[in-house]
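Mind looking at a prediction? Sequence and model below.
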Amino acid sequence: MKNKLKRALVVAGLAAVAMLAAPVAQAQSYSVWVVESSRFMGVPYGAFMPDRVFVPGSTSKFNNINTVDLPVNVGVIKGMVNGKLEVVMADAGWKQQDYLKMTGSDHWHPLPETMKQLGISADQVTKIVVGHGHWDHAGALSDFPNAVLYIQKKELEGIEWAINYPHPRISATNVSPGGCARTPACGYPPKTLDEIYGKVLAGKAVIVDGEMEILPGIRIYPAHNAHTAGSQLLAVNTGTSVGTLVFGSDVYSSWQGIRDWMMANPQSSADTAQQFLAYEKCYKLTGRSDPNNCIAAHEPTSYTADYPIMKNNWVGANGARMAEISLASGESSKRK
Amino acid sequence: MGQQSGAAAKPPQWKVVLVAAIVAGLIAVVAVAVQREFAANKPPSAAASFAAGIALSGYDVPALTAEEEAYAAALWPIHSEVKLAAVRMIFAGLNYKTENQDVKELKSKVLPLTKTFKDASTRVNRMRPPVSLQDAHDSYREALVLYTSATREMVKIAEDGKDEHLFLAQKRSEQASLAILKLSDLLWPGEYKPN
């Protein structure tokens, strides 16, 4: 009887150990990089962040910089999920060379070429989560033929509402040559919308209505009206010492903006209160008292030590800047 | 003797002609060199770049001539309508696929756009572009033909319910959208801002 009890206790103990060990063995981890799609050159700081407007002669650190170069950052998340390779992109940059002059852009590099340096081919990308549908974030969808697009329903509704609004100054995709005056539909050229529509037609789009988990540990959170009508955040629990990262796209275009609680990249489709709530959301989701795990799409200090999450950065063989943020178990550093 | 000394003081006629010819030749060489130097440093015109398919960097956008400016100004209101119609056409398809699968609604949204694109074509065809913008102008006309054709293709789904029409239409629309983007880059380089 004693032996039977002992045996039962041992079996129960082993079962308990196995149960405890199982989640550890299956713990999901992701490698994460940020790569630069292009750079907007010489943007007046005040146009990007009104509180950082340049005041000639000012000694304030907030007002003594005239212009900044803004990168267009794209997140690349890679992991093995149930034995299958998953590559998720946070935003998709853009590829139309013709935008170059319009935006004063430089340092443009095709994303598929840049990602090859991370050992990832374009057809391995399984999911693209666009923070919103603007051309510089959803402009290269067709470069990733197998990827499923995730876009908020509200984003599409917001554009449609604008283009059908009776007043021409509100429905205009652009109000005058030389400037769109940030009308609500500004930022969505037909070419970009054709790319989104192409994904829908190909059956490779998920129209997200609010929050959604797309993979274990990877979750979309709505941030409606924080930049555009249907903006969204992408939270990634890396399963590594880095913890949770939150890709903000243009919900927080500037990491300094979150740090200093200043609005960035104002749009007529945005609400400052919603932007600040999205800042708060990032602090909450990352569980940190600093905004260091919030990844901003256009932070001027990207790829420098001033933006701590990107301190491990380098310039790739094709000239694109990139930063290594998290390495899943078994993944080797891609920094050459 | 006197005659001889006089001849020595004054060079013969042929020598004067020779020196003058050499000087004229040198001046011509210098003139050609200067002209070439200036031509080499001058950025290609916007129209020439468009024709050659060259993407210029953001720092050397050439100014349009007065004639080109006038053409751009006349095209702008048409272009604004075309872009809006293109976006509305895309949304008609998007809604059909993601919302209701209602062919009647799709048709009712798309048919008026056929007229918008056709009217735009008529107006653009009436325009007389400067020679330098002829290629760009022709490309814009082709884009309008593609958009018109895309709308006609889309509504065919009402006849047989085949998604194939939407695929074909989307391809044409995307081609047209790229063409108008190239032209707007040439004529209105500030049309889209970083955002």
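Great, that's in hand. Residues are numbered from 1 along each chain as shown, chains lettered A, B, ... in the order given.

What's the per-residue pLDDT of B:Gln3 here?
Predicted confidence (pLDDT) for B:Gln3: 40.

How about the one 4 residues further on?
Among the per-residue scores, B:Ala7 shows a pLDDT of 44.

Can you give me the distance of the most centrally placed residue in chain B to B:Pro130?
Among the residues of chain B, B:Ala136 comes closest to the average C-alpha position under CA atoms, centre = their mean, at 3.0 Å. Separation of B:Ala136 from B:Pro130 (CB to CB, to the nearest Å) stands at 10 Å. For the C-beta atoms, the positions are set from N, CA and C on the backbone; glycine is no exception.

Verify the contact between B:Met127 and B:Tyr71 for me.
Yes: if you go by CB atoms under 8 Å, B:Met127 and B:Tyr71 touch, sitting 6.9 Å apart.

overlap in contacts of those two?
Shared contacts of B:Met127 and B:Tyr71 (CB atoms under 8 Å, 6 or more residues apart in numbering or on different chains): B:His137.

Of these two, which one has the most company?
B:Tyr71 (21 against 14; other CB atoms under 10 Å in any protein chain shown).

In a helix, that one, correct?
Yes: counting by DSSP: H, G, I helix; E, B strand; the rest coil, B:Tyr71 is located in a helix.

Endpoint to endpoint, stretch B:187-195 covers what distance?
Counting by CA to CA, to the nearest Å, you get 20 Å between the two ends of stretch B:187-195.

what is the rounded mean pLDDT of that stretch?
75.

pLDDT below threshold where in the chain?
Using chain A. A:1-6, A:8-26, A:97-102, A:178-179 (pLDDT under 70).

Not quite, go with chain B.
For chain B (pLDDT under 70), the answer is B:1-11, B:31-61, B:193.

Quick one: distance of the helix or strand encompassing the residue nearest to the centre of chain B to the chain centre.
Using DSSP states H and E, B:Ala136 sits within helix B:134-155. In terms of CA atoms, centre = their mean, to the nearest Å, the centre of helix B:134-155 is found 15 Å from the chain centre.

by contact count, what packs against it?
helix B:46-52, helix B:66-95, helix B:103-126, helix B:164-187 (3 or more CB pairs under 8 Å, 6 or more residues apart in numbering or on different chains; DSSP states H and E).

could those helices go into JSON lines alongside distance to A:Gly158?
Output for the helices and strands packed on helix B:134-155, formatted as JSON lines (distance: least, CB to CB, whole Å):
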{"stretch": "helix B:46-52", "distance to A:Gly158": "33"}
{"stretch": "helix B:66-95", "distance to A:Gly158": "11"}
{"stretch": "helix B:103-126", "distance to A:Gly158": "18"}
{"stretch": "helix B:164-187", "distance to A:Gly158": "20"}
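
Any idea which of those helices gets closest to A:His298?
Relative to A:His298, the nearest member of these by CB to CB is helix B:164-187, separated by 21.3 Å.

and the closest one, does that touch chain A?
Yes: applying CB under 8 Å from any CB of the partner chain, one finds helix B:164-187 touching chain A at B:166-167, B:170, B:173-174, B:176-178, B:180-182, B:184-185, B:187.

Packing partners of that helix?
Using 3+ CB pairs under 8 Å, 6+ apart: helix B:164-187 touches helix A:99-103, helix A:190-201, helix B:46-52, helix B:66-95, helix B:134-155.

what about those, which gets the closest to A:Glu113?
helix A:99-103 (16.8 Å).

right, and the helix or strand after that closest one?
Next element after helix A:99-103 (DSSP H and E): strand A:105-106.

so the residue nearest to the centre of chain B makes contact with B:Val124?
No: taking CB under 8 Å as the definition, B:Ala136 is not a contact partner of B:Val124, at 11.2 Å.

The nearest residue to B:Ser121 once chain neighbours are set aside and A:Val55: what is the separation?
Nearest non-adjacent residue to B:Ser121, counting by CB to CB, 6 or more residues apart in numbering or on different chains: B:Leu144, 4.4 Å away. Look at B:Leu144 and A:Val55: by CB to CB, they are 48 Å apart.

These two: who's more crowded?
Under the criterion of other CB under 10 Å, the comparison of B:Leu144 against A:Val55 puts B:Leu144 first, with 25 against 13.

quick one, what contacts that one?
B:Val82, B:Phe117, B:Ala120, B:Ser121, B:Val124, B:Ala176.

Could you pick out the buried ones from those?
Among the contacts of B:Leu144, those classed as buried by 16 or more other CB atoms under 10 Å in any protein chain shown are B:Val82, B:Phe117, B:Ala120, B:Ser121, B:Val124, B:Ala176.

Just give me the closest of the residues you listed to A:Ser326.
B:Ala176 (42.0 Å).

Thought B:Ala86 was touching the closest one, still the case?
Yes: the criterion here is CB under 8 Å, and B:Ala176 meets it with B:Ala86 at 7.1 Å.

Overlap of the contact sets of those two?
With CB under 8 Å, 6+ apart, B:Ala176 and B:Ala86 have common neighbours A:Pro190, B:Tyr147.

Just give me the neighbour total for the residue lying closest to A:Gly319 once chain neighbours are set aside.
Nearest residue to A:Gly319 in three dimensions, chain neighbours excluded: A:His109, at 6.0 Å (CB to CB, 6+ apart). Using other CB under 10 Å, A:His109 is surrounded by 20 other residues.

Now do the SS call for A:His109.
Using three-state DSSP, the structure places A:His109 in coil.

to the chain's geometric centre, what's the distance from stretch A:41-49?
Distance of stretch A:41-49 from its chain centroid, counting by CA atoms, centre = their mean, is 20 Å.

That one: end-to-end distance?
Where stretch A:41-49 begins and where it ends lie 15 Å apart, using CA to CA.

Tell me the buried residues in it?
A:Met41, A:Val43, A:Tyr45, A:Gly46, A:Ala47, A:Phe48, A:Met49.

which residues does residue 146 contact?
The chain I'm using is chain A. A:Asp123, A:Gln124, A:Val125, A:Thr126, A:Lys204.

I was thinking of chain B, sorry if that wasn't clear
B:Arg172, B:Ser173, B:Gln175, B:Ala176, B:Ala179.

Generate a PyMOL selection restricted to the buried subset of the residues of helix B:164-187 next to chain A.
The buried residues among the residues of helix B:164-187 next to chain A can be selected in PyMOL (16+ other CB under 10 Å) with this line:
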select buried, chain B and resi 166+170+173+174+176+177+178+180+181+182+184+185+187
